[in-house]
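[1] Have a look at this fold, sequence not included:
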């Protein structure tokens, strides 16, 4: 009986994590290790324990350590995923137009990293109904998996701003750790409704909920700890203000939810701000639109004067925008021009390139406004 039981025991595939994959997410490594393996099957095998790390279950976001042992089912070793061509996501062709589009987003680069200006409307990663995204562009333009640049953080599809990319796996681990340990700071510029205070620390815990518009987050005591910081840059009376926002944690839609919860939703963010996010839209839409344009011009002039008079504003925030204008035919005001100063991550040596990039011709459809990210190591 014991011999028969031994024959039925699976011939598990035991794989040792190499040093080059130290710090890599387990789901991403598995997709590279097994040809054709996609995210859905990976998550299912991790959830059921079919794939284990050092004998224990692991979550898709678990970070690997060099020398750990992965236990995988034998069919992944013997033949991989047989229906890979049917299940793999389509990668766009590396056309000259695609290369030109990617090159036009280039801002600065350094040792192991590259910064691009992601326009509004371009997703960072693919999803349901999303075929055009930065991750797909990186796959198409890479000559091989080792040559491919990698994402280390994300920006919402409707948000324009600086996106940092890693040139290789080693740089990706370094940058990912820098974001996790808050050695990197992200600053978002946003026009919000009302008159927020000079400074504000928002610590409302966030919980994911379903909604008519898809995934929704809400402030809830049972949610995940969240922390956002606000600093007032310029106010336009009591109707709206230009603020600098810094997410101290990385929850989904964190800044949007926190601002709506404080009673100052980001202008145009109807998902969380509702009618409050569209001041003057009901009844006298035309008059409201012209008022918002005038307020934006005032903010632009004030921001330019402040930067010219005193240089970078006091506090931990980097230099702010030198120009704003209304976008979307009155549907939203967005920061349309910003200055990015990129630093080399090794030792914080300033990069030689300092670029200002202009607004996108295509206004955002809804949601957030342009962020500015300081990529210097603290």
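    Structure's in. What do you need? No experiment lies behind these values; they were computed from the predicted model shown.
[2] Which element, helix or strand, includes residue 231?
    Assigned by DSSP states H and E, residue 231 falls within strand 228-236.
[3] oh sorry, the question was meant for residue 136
    Residue 136 is part of helix 134-141 when elements are defined by DSSP H and E.
[4] could you pull out the strands for the stretch 151-300 of the chain?
    In the stretch 151-300 of the chain, the segments counted as strands under DSSP state E, counting those that start in this stretch are 161-166, 185-193, 199-202, 206-209, 216-219, 228-236, 240-247.
[5] Contacts for the helix holding residue 136, please.
    Residues outside helix 134-141 that contact it (Cβ atoms under 8 Å, 6 or more residues apart in numbering): 89, 91-94, 98-99, 101-102, 116, 118, 122-126, 148-151, 163, 165. Placement of C-beta: from N, CA and C, glycine included.
[6] of these, buried ones?
    For those, a burial check counting by 16 or more other Cβ atoms under 10 Å picks out 98, 102, 116, 118, 122-124, 126, 148-151, 163, 165.
[7] Now, these that are in strands?
    116, 118, 150, 151, 163, 165 (DSSP state E).
[8] from these, which single one is nearest residue 276?
    Closest approach between these and residue 276, by Cβ to Cβ: residue 118, at 27.5 Å.
[9] Look up how far residue 131 lies from the closest residue to that closest one other than its chain neighbours.
    Closest residue in space to residue 118, ignoring its immediate chain neighbours: residue 163 at 4.4 Å, by Cβ to Cβ, 6 or more residues apart in numbering. Using Cβ to Cβ, to the nearest Å, we find residue 163 at a distance of 19 Å from residue 131.
[10] residue boundaries of the helices in this structure?
    Taking DSSP state H, the helices of the chain run over residues 2-8, 26-33, 39-48, 74-78, 84-87, 96-104, 134-141, 169-180, 254-261, 270-273, 285-310.
[11] ok, now which ones touch residue 218?
    Residue 218 makes contact with 206, 207, 209, 257, according to Cβ under 8 Å, 6+ apart.
[12] how about 6 Å then?
    Residues in contact with residue 218 (Cβ atoms under 6 Å, 6 or more residues apart in numbering) are 207, 209.
[13] same deal with residue 49?
    residue 57.
[14] The one 3 residues further on too?
    Contacts for residue 52 were tallied using Cβ under 6 Å, 6+ apart; they are residue 71.
[15] The same query, at a cut-off of 8 Å, please.
    58, 70, 71.
[16] For those, could you give me a markdown table that also reports neighbour count and distance to residue 246?
    Shown next, in a markdown table, are these (neighbours: other Cβ atoms under 10 Å; distance: Cβ to Cβ, whole Å):
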| residue | neighbour count | distance to residue 246 |
| --- | --- | --- |
| 58 | 19 | 32 |
| 70 | 20 | 37 |
| 71 | 17 | 41 |
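[17] Filter these down to the ones in strands?
    Within the contacts of residue 52, residues falling in strands by DSSP E are 70, 71.
[18] just flag whichever of the helices of the chain has the lowest average confidence.
    Ranked on mean pLDDT, the bottom entry among those is helix 84-87, at a mean of 40.
[19] Give me the distance between the nearest residue to residue 176 once chain neighbours are set aside and residue 189.
    In this structure, residue 176 finds its nearest non-sequential neighbour in residue 152, 5.2 Å apart by Cβ to Cβ, 6+ apart. When distance is defined by Cβ to Cβ, residue 152 is 22 Å away from residue 189.
[20] where does the stretch 201-350 of the chain have low pLDDT?
    Counting by pLDDT under 70, the stretch 201-350 of the chain shows low-confidence ranges at 211-214, 281-350.
[21] In this structure residue 38 contacts residue 30, no?
    No - if you go by Cβ atoms under 8 Å, residue 38 and residue 30 don't touch, sitting 10.0 Å apart.
[22] of those two, who's got more company?
    residue 30 (24 against 14; other Cβ atoms under 10 Å).
[23] Report how many residues lie close to residue 103.
    10.
[24] So it versus residue 141, what's the distance?
    Residue 103 is 10 Å from residue 141, by Cβ to Cβ.
[25] ditto for residue 34
    Taken as Cβ to Cβ, the span from residue 34 to residue 141 is 24 Å.
[26] Look at the two and report which has more neighbours.
    Neighbour count, other Cβ under 10 Å: between residue 34 and residue 141, residue 34 has more, with 20 against 16.
[27] Quick check, that one in contact with residue 74.
    No - between residue 34 and residue 74 there is no contact, the gap being 11.9 Å when judged by Cβ under 8 Å.
[28] Might you report the residue contacts of the residue nearest to residue 118?
    So residue 163 contacts 115, 116, 117, 118, 124, 134, 151, 153, 155 (Cβ under 8 Å, 6+ apart).
[29] Just give me the neighbour total for the nearest residue to the second one once chain neighbours are set aside.
    Going back to what we said before, that points to residue 116. Nearest non-adjacent residue to residue 116, counting by Cβ to Cβ, 6+ apart: residue 105, 4.1 Å away. Residue 105: 17 surrounding residues under other Cβ under 10 Å.
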